[in-house]
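Trainee: Give me coordinates for this.
(chains A and B)
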Amino acid sequence: MKKYIIIGISVLGAATYLGCDDEIQDLEPFTQGNPETFFNSVATFQNGVDGIYSQLWNYYSDPTFGMQGVPDILSDNVILVQTGRRSNETNYDYRYNPNSGGPVDLYWSECYEAVNVANLVIGQIDNLADGPEKDNILGQALAARAYAHFDLARVYAQIPTQSSGAAASPGIVYIKVEDGDTSDPFAQPSRETVAENYAEILGDLEEAADLIGDDNGEGRLNRNAVYGILSRVYLYNGDYQAAIAAADEVSTALATPDELEGVYLDANNAGIVWELAVNTSSESTFNNVGVIYSQSNSSATISEYAIDFAFWNSVDPNDIRRNVMQFLGTNQGNDYNAVKKFLGETGQVNGRLDIKVIRAAEVLLNKAEAQFELGLGTEALASLDQLRDVRYTSYTSGESGQALDDAIAFNRRVELSFEGHRFFDLKRRGESVQRSDFGDIIDGSGTPAEIETLAAGDFKFQLPIPIGETNANSNLTQNDGY
Amino acid sequence: MRSKLHWMLTPLLALCISLSYGQEKLISGNVTDQSDLPLPGVNVLVVGTTNGTQTDFDGNYTISAALGQVLRFTYLGQQSVDRTVGVANTMNIQMEEDAQALEEVVVVGYGSKARELSTSAVSTVTGEQIEDMVPSTSIDNILQGKAAGVQVTAANGRPGQTAFVQIRGVGSVNASTTPLYVVDGVPIDPDNINAINPNDIESFSILKDAATISKYGSRGANGVVVITTRTGKPGEARITFRSAIGTGERIPDPFNLMNASQKLELERQFAEIGVNAAQSLPGAISSPEQLAILRSLDTDWEEELLRKSFIQSNSLTISGGEEKLTYFLSLGYDKNTGIIDRIKGFERISSRINTTYQAKEWLNIGVNVSATRSSTDLPRDRNNAQNPIRALYDYNPYEPLYLRDDNGDFVLDDQGNLIFNPTTAGFPIARALSTEPENNRNFLLIGNIFADIKFSDMFSNRFTAGATNNRFNRTNRSIVGGVLDGFIGDANFPGTQTDESNIDFQYNVNNIFSYTDTFGEQHHLSANFLLEYNENIFTDVFASSRGFPSPDLPYQDVAAEATDVGSSETRRILFSQGLFVDYDFDQRYIISGSIRRDGSSRFGPDNKYGYFYSASVAWNIANEAFLEGTAINTLKLRGSYGTSGNDNIGDYNFLNLLNFNTYNGFTTAIPVGVGNAQIQWESQAILDVGVEFGLFDNRFNGVVDYFKKSSNDLLLNRPISQTVGDEDNSILSNIGKIENSGIEVSLSADIIRKENLRWSLGGNIVFLDNEVKELVNGEDINNGNTLLREGEEINSFYLVRYAGVNPANGEPLYLDADGGVTNEFSTSFQTLLEGKSPAADLEGGFFTSLNFKGFGLRGDFVYKAGNYITNFQRSSGVSIGNIDINQREEAFNYWKQPGDANVLPSPLFAATADQTSTRFLEKGDYLRLRTVTLSYDLPGRFLDGFGISGFRVYATGQNLWTLTEYEGDPEIGLGSAETAEPGDAGFVPGEFSLFSYPQTRSYTFGVEIGF
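Mentor: Next comes the predicted model:
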């Protein structure tokens, strides 16, 4: 009897043994996908492309270090508000270093994550049949990959027009699946030169321009967007003729005076060539972009940065852009020129809005500046006036020479203020950051900026490579000065 | 043979009873041990009936029985005594120690063994040792200082918060270092430990060396805590009711915060010196009249934000049984409101039933079931304005709770109500505590059934099936018109709410087939074959909505629209076989061995299966003839060596995966990161050599162990170039190696053992040493302020060295990388500080217990030394840049004129002064009186006639006294939960202090009544 029991248990045990082994082998992830097999249709490839956009959106929309705000904080457009949380003070005072985290880490890491998704899509693109749908996917991925690299290049390296030695100075690492750059996760790539970077950025964009569709819906790249980006990259690269040609390919109309206010409330998309969008209904807990400038509720606005008093006063009283730039922010009994562009949708103060990456106005300003650089003063003035006509009528036209250059730069500063341009525009033109002596309060009193000047040529114009990268990759050299 | 005789006699006795029925009388007496000391709790049973009782505290009993019936006296460790009832009405019994039974039984993993025959280092903490601990803390906190080598660090002072428990040092860098908890044979998630009613616990057995933990294979590396719950004993039902109430408060800081006048003065001074950040502060710009008003508003924010907690604990247990059936029932209710005002704290209701039934002569079955519901309100524990603890240090004392105008008069809202002051922080925390509530509820079921089958004297089998099922619910709200709703809410859809519900279900089925035999009288051999299947299924659903009509309707049904929903599932499967063999010769020479094979769904494809083994020996010298008759009662040498694993490596780390989310409402697919196909459990080898001894009738006992624990194949993030685009810029790989070694000593002594006076002392200590042996390519791993470096202590602090203030100009000075003094600060000056880490060099606890005629006084101390803590809380309280928030009085002591020494840096050097450096690195040594209890047991003679068998009153104080040089509370686990908590890369418990829920001291008063 006992023998049978023992045999019985042994058989039972053996059966359990085999059965349970299958259980272990067969267990698969429940809520995650397999990157080797997932991309098999146009729809799933678009999921991947939307993944690239979301990675770009991540670093543009970050409520503390977002790239739609930090380039303004690093510039002369804003002043630190003493009653705020003093966020970004390290950056505002140019005290960043390889260890200081924040934007230094964020852009380096997130841009390359965007590049990684792009390469995943591009590497498997032949899973799709040839045709316009495949081209459109590939075009979006190439252009987005180029744009992420462009952001890396302008943040961490010199801009070609910045100085005479810029083109040969260290750039960033351009990662392309086609070149086998993605095969080894332990690779330790070296920096290429700035000139090589811009050649690859432009190469990807030019290829994308031929492939991409005309309309992919809000928040996605399309033919206009690619040419818009091209006009900017060519301008940064000093290819003025090409910048003008690219700008001419963009068909998006300027926002009219009536439309302008709605642009910053996300009530319309007038004049927007490309934006990184958020669905504020289904994505109601996503980043509050505007928190980088201020947090508001019904009774107070806790501003982190207010509009620089001198800059604010330089804007013509009749300029309709004043209305989209500024609102009265009150905190602890003080009034401030609070930044309005990212306050929220109509009726909201939660700071959750689409990020306007390229607008028709910028494309036109790119063109005007390129025309000026080529000595085409009349054409440049005409381009500038085309914009000024829909912004304020009280201007005196007819500038030429330095005055025209200044007028283009000034209108660029006003038009694109608080949208992440100013630091790069000063940088690429080889100019200094010169902040005013005024304080943070609405009448110019209060506490002025601690550091008022960042001289042209200062190494702080290039953010440091994060310490994590140089620790992990010994081939990657740190920027000068850090 | 003897037991068979009883079986045969029983019907005979029953016959006698029926014959002599009607002649029952009351018999009373006193039961003592060999040394004439009264024995409380002796079971007295009228054989053949269910009529039984227990002796009271003084060893007295009273029972009704008839002439000729037999009274059986039983007590653990004593030989049973049977006495036939005669004519006398008094029967005094002196019991004798039972050499066999005295062999205390110890849990050795998948079963238990006589301590004498154990080859393993096991510490046991019994239910009695913990019964006076403040009830509503989690039971893991209670273990602190109770057992050698068991390092317990309270995470923080939040009621219901579980503790950090480590056994014999830091066994891992990235995987969890929490031991495996097993309740009555069923593994339980350490997060649920706080759901167990301490009154249900018979014992904790802490398994520490390879001889036992290897039996748990890939889950044993951090040690195993086996919790055994109580069972009933045959005899009349014993009913015990306990009730305690008390109150707690924050342990006072060893420093003062500024009051309004002081703070305004400091602002004035800073502004005068030229500190930019002070220029527009009230102390600098206010008129004398305004200053007078501000001074008059002096506010103690601790009083405004904290309160004295209310602590309550009630429990009822009923236990007993008959010869074939035992039962233990319990009910418990615990409440601790915590010290943060305006939120509810922790509340727990628990119940349990444990039963066993001897169904057949060869079959014993049992069921243990417990159900616990707990609920807790969670304050934000992060380093920002939303944290009430940070607020009480930050808020300026001239900023009162309610908003005032320039004249110091209250400002009212449109409805005429007072308005909570947003203060300089811009966030009215007192209001936010009620408008941003988070409430967590847990409902935990633990159940198991077992069947012991005896095939013959040689073969037996135990089958156990158990499950734990925890339902977790969380509700987070930002109510309409609340603080956060104003900032981040949607104006068209005010108010948000998220409800989350997850079910963590784990079931465990195991079967142990046992063989035991004796050859030639002296050779004892046993073998156990284990089959075990364990599966964890975790499912989660959540939903969020916005647009609530009223703050009083906290259900999403009333919301305008849903904004987010989700569901997810994860599973883990572990399937194991094991063979455990024990042999002893004449109970003198003992050899044990184990081997186990684990198959796990967590391991990579090439490492699905792992083998773990151990071998151990012991020599029971006390059983040798040459020690007979000496003062040495116990003397055993033992040694063990073996392997085990740590499987807390996360699921699916061996795969490349895509995560799904949305962009502008469309689905996105994003790679998570680079998987590592080679991933496997972290492995560990432990060597342990120990000696156990007992002298003078075991009045003086001790255990000394030396251990060396090598943790290999540790999972480390191998950093990769960020250009790869991996989410965490690293690949998890099995590369690291660390080593812990140490000596544990635990001693206890009954110094006085007289009838009316007993005094015992006991304590334990562990001396620990650890070293990083191997890292990725020998390169340091930098976690910011701590570093892992080969050859150094684990998580050694890595900071810039502060060199004091330049007496000439007040500038802070540092040492650069080469050790030269400089007035600059750069993170490139960071230096590894040898021997300074958050890990203690020694820690433990000790107690003293004095009993005199029913009065008891017991004190339990815990201590720790050799660890360092970065005191960010102090840094925050003296930072120059923080002049806009409140400061410690110490901040006045800044450099003012040339020659000033022992001062803080001049406020003009904020940029270099407000930096993390060794300036805020402090020793964490402390000695703390964890509990002191004064109790009184009413003598039996007062209770007779009330139907009460025991009455005890007690008062307990917790954390009443601390000796430390640390500038704050030295007992730190979590610095700031949302900044760094277990699971976060580089998290080290006790590394820094940063406004987590503070530790509390409490006073409780309780009564215990037994029927």
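
Trainee: Tell me which stretches of the stretch 51-200 of chain A form helices.
Mentor: Using DSSP state H, counting those that start in this stretch, the helices of the stretch 51-200 of chain A run over residues A:70-73, A:89-92, A:103-123, A:132-156, A:194-211.

Trainee: So which residues of chain A form strands?
Mentor: A:78-80, A:272-276, A:294-296, A:301-303, A:305-307, A:326-331, A:334-339, A:355-359, A:433-434, A:453-454 (DSSP state E).

Trainee: Now render those as a markdown table, adding mean neighbour count.
Mentor: Yep, even glycine has a C-beta here, placed from its N, CA and C like the rest. Converted to a markdown table, the strands of chain A look like this (neighbours: other C-beta atoms under 10 Å in any protein chain shown):
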| stretch | mean neighbour count |
| --- | --- |
| strand A:78-80 | 27 |
| strand A:272-276 | 24 |
| strand A:294-296 | 26 |
| strand A:301-303 | 26 |
| strand A:305-307 | 28 |
| strand A:326-331 | 19 |
| strand A:334-339 | 23 |
| strand A:355-359 | 25 |
| strand A:433-434 | 18 |
| strand A:453-454 | 17 |
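
Trainee: sorry, back to before: nearest to chain B, of the helices of the stretch 51-200 of chain A?
Mentor: Closest approach to chain B among the helices of the stretch 51-200 of chain A (C-beta to the nearest C-beta): helix A:103-123, 2.5 Å.

Trainee: Show me how far that closest one is from its chain's centre.
Mentor: 13 Å (C-alpha atoms, centre = their mean, to the nearest Å).

Trainee: Give me the contact status of it with chain B.
Mentor: Yes: Helix A:103-123 lies within reach of chain B by C-beta under 8 Å from any C-beta of the partner chain, at A:108, A:109, A:112, A:113, A:114, A:115, A:116, A:117, A:119, A:120.

Trainee: check contacts around the second one.
Mentor: Residues near residue A:109 by C-beta atoms under 8 Å, 6 or more residues apart in numbering or on different chains: A:466, B:722, B:729.

Trainee: With residue A:73 as the reference, measure out to it.
Mentor: Residue A:109 sits 20 Å away from residue A:73, taking C-beta to C-beta, to the nearest Å as the criterion.

Trainee: per-residue pLDDT, the closest residue to chain B within the stretch 251-400 of chain A?
Mentor: Closest residue of the stretch 251-400 of chain A to chain B, C-beta to the nearest C-beta: residue A:297 (2.7 Å). You'll see residue A:297 listed with a pLDDT of 80.

Trainee: Could you look up the SS state of the spatially closest residue to it that is not a sequence neighbour?
Mentor: Using C-beta to C-beta, 6 or more residues apart in numbering or on different chains and skipping residues adjacent in sequence, the residue nearest residue A:297 is residue B:486, 2.7 Å away. Recorded secondary structure, residue B:486: helix (DSSP: H, G, I helix; E, B strand; the rest coil).

Trainee: got a list of what residue B:486 touches?
Mentor: Counted by C-beta under 8 Å, 6+ apart, residue B:486 has contacts A:296, A:297, A:298, A:299, A:349.

Trainee: in the sheet, who's paired with the first one?
Mentor: Read it as residue A:296. For residue A:296, the beta-bridge partners under DSSP bridges are residue A:301.

Trainee: and stretch B:168-186, how far from the chain's centre?
Mentor: Computed by C-alpha atoms, centre = their mean, the chain-centroid distance of stretch B:168-186 equals 12 Å.

Trainee: Likewise for stretch A:148-159?
Mentor: Between the mean C-alpha position of stretch A:148-159 and that of its chain there is a distance of 11 Å (C-alpha atoms, centre = their mean).

Trainee: which residues are in contact with that stretch?
Mentor: A:52, A:55-56, A:59, A:67, A:103, A:107-108, A:111-112, A:114-115, A:118, A:165-166, A:169-172, A:174-175, A:191, A:194, A:197-198, A:200-201, A:204, A:229, A:233, A:236, A:424, A:427-428, A:461-465, A:479.

Trainee: Filter those down to the buried ones, ChimeraX style.
Mentor: Listed next is the ChimeraX selection for buried residues among the contacts of stretch A:148-159, using 16 or more other C-beta atoms under 10 Å in any protein chain shown:
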select /A:52,55,56,59,67,103,107,108,111,112,114,115,118,166,169,170,171,172,174,175,191,194,197,198,200,201,204,229,233,236,424,427,428,461,462,463,464,465,479
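
Trainee: ok so, going back, restrict the contacts of residue B:486 to the buried ones and give me that as a ChimeraX selection.
Mentor: What follows is the ChimeraX syntax selecting those of the contacts of residue B:486 that are buried according to 16+ other C-beta under 10 Å:
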select /A:296,297,349
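
Trainee: May I see the buried residues of stretch B:318-330?
Mentor: For stretch B:318-330, the neighbour count (16+ other C-beta under 10 Å) marks B:318, B:319, B:320, B:321, B:322, B:326, B:327, B:328, B:329, B:330 as buried.

Trainee: quick one, what contacts the first one?
Mentor: Residues in contact with residue B:318, defined by C-beta under 8 Å, 6+ apart, are B:237, B:238, B:239, B:240, B:327, B:328, B:329, B:330.
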